[in-house]
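[1] would you be able to build a 3D model of this:
(one chain, ligands or ions: 1)
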Amino acid sequence: MQIIPSIAARGDALAAFRRDIHAHPELAYEETRTAALVAEALERCGIEVHRGIGQTGVVGVLRRGDSTRRIGLRADMDALPIEEANDFSHRSQHAGRMHACGHDGHTTMLLGAAEYLAASGRFDGTVVFIFQPAEEGRGGAAAMLADGLLERFPVDEVYGMHNWPGMRVGRFGVAAGPVMASADRFDITITGHGGHAAMPHLTRDPLVAGAALVNAVQTIVARTLDPLDSGVVSVTRFQAGDAYNVIPHQARLSGTTRALRAEVRAALREGVERLCAGIAAAYGVSIEATFNEGGYPPTVNTAAQAQVCREVAGALVGEENVAWNRPPSMGAEDFSFFLEQRPGCYVWIGNGPGESGCTLHNPRYDFNDDSLVIGASYWVRLAERLLSV
Ligand code: NI
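    Numbers count the residues shown, from 1 in each chain. Got it, this is the predicted structure:
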């Protein structure tokens, strides 16, 4: 392992910083304390700081030499609405909020790298440190882009990293192509004609139509996608009725679709809408389906940039500790918005075995502090490679 010695020497300080953020988790677009800590830490290193990008986002700009090359390195800062079940001393001090996805660690790793690069980094070009808000379902990356991130702080390539429970500390996962899925939400309202449960012939039952629809959407993946493509359609909510003897007037369904390619993403939506129209006609009810506008696209790494990340990680932890082209996750990630705009790569860093509930979004999760110096060293070596002197 080729951890940078001066970063290793800062391990305890980085862990203390990470635990402080962990103890004070902030939800999407409320990351004011975290953003202030990040901005102050960057300023202490002499890095140019811009606050309030995408509401609570922070951008640091570090220039060296005269090269026009520019890269973006991104960390997310937000926590989740989960009540922490851990009882260690740095557990959340905020009821119902918790860093259950390790964004406290992501923020700390990128800050550790920024400190090193500002003090003694050997590079020629511009590093843009992107500390984004609201990764968890609220599209903070898109908010930063809408706020002119790439116009104000232009980068040619952009890179991200996420911890991965179930992968040993000291290992990386790197892949070219799709690594995370798109995520869209849908809401369906079925309107029939309510009435007495003993006289169904006088009603149009939205429950029976809804049941048919839940079954029908299972055929979208099974019968309309190429078997070599990946997709998910999950109905996760079905609400109707209040009584034993009343056929209700309406039923409401909600769910999510996931895909690794834009074409599949569109096909899933089209499939849900087509079946809604068909079931409505078949059952004599009206069905309205709406898809949210804030869905996340698939996270797709570009091949050349993924290869560079593979080599940088391999030089750091040994090639045998880099899982190359491991299968994608059907989870989603809003780093995808950056990758829609620029080439780049999003990697996984091992967080340990993932035992005793230490898995993403679990109330017993915690970021593994042993990864801090590894991740910070990775960021430094990646920047030095991309902006080599
Ligand atoms: Ni996350």
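[2] end to end on stretch 5-15, go ahead and measure it.
    Chord length of stretch 5-15, first to last residue, is 16 Å (C-alpha to C-alpha, to the nearest Å).
[3] other residues contacting it?
    108-109, 111-113, 115-116, 119-120, 369, 372-373, 376-377, 380 (C-beta atoms under 8 Å, 6 or more residues apart in numbering). No exception for glycine: its C-beta is placed from N, CA and C like everyone else's.
[4] try 6 Å
    Stretch 5-15 is contacted by residues T108, G112, Y116, D369, L372, V373, A376, S377 when judged by C-beta atoms under 6 Å, 6 or more residues apart in numbering.
[5] okay, the fifth one: pLDDT?
    This means L372. Looking at L372, its pLDDT is 98.
[6] skip the chain neighbours and tell me the closest residue to it.
    Once flanking residues are discounted, L372 sits nearest to L14: 4.5 Å by C-beta to C-beta, 6 or more residues apart in numbering.
[7] how many neighbours does the one you found have?
    Using other C-beta atoms under 10 Å, L14 has 22 other residues around it.
[8] checking it next. Helix, strand or coil?
    helix (DSSP: H, G, I helix; E, B strand; the rest coil).
[9] that one and Q2: what is the separation?
    As defined by C-beta to C-beta, to the nearest Å, L14 lies at a distance of 18 Å from Q2.
[10] do L145 as well
    In terms of C-beta to C-beta, L145 sits 34 Å off from Q2.
[11] also A304?
    23 Å.
[12] and N215, what does it touch?
    For N215, the contact set (C-beta under 6 Å, 6+ apart) is empty.
[13] now do the buried residues in the lengthiest strand in the chain.
    In the chain, taking DSSP state E as the definition, the longest strand is strand 177-191. For strand 177-191, the neighbour count (16 or more other C-beta atoms under 10 Å) marks 178-186, 188-191 as buried.
[14] give me the longest helix you can find in the chain.
    Secondary structure of the chain per DSSP state H: the longest helix is helix 262-283.
[15] so for stretch 276-287, what gets flagged as buried?
    Across stretch 276-287, burial judged by 16+ other C-beta under 10 Å covers C276, I279, A280, Y283, V285, S286, I287.
[16] where does the chain have its least confident helix or strand?
    Taking mean pLDDT, DSSP states H and E as the measure, the helix or strand of the chain with the lowest value is strand 329-332, at a mean of 94.
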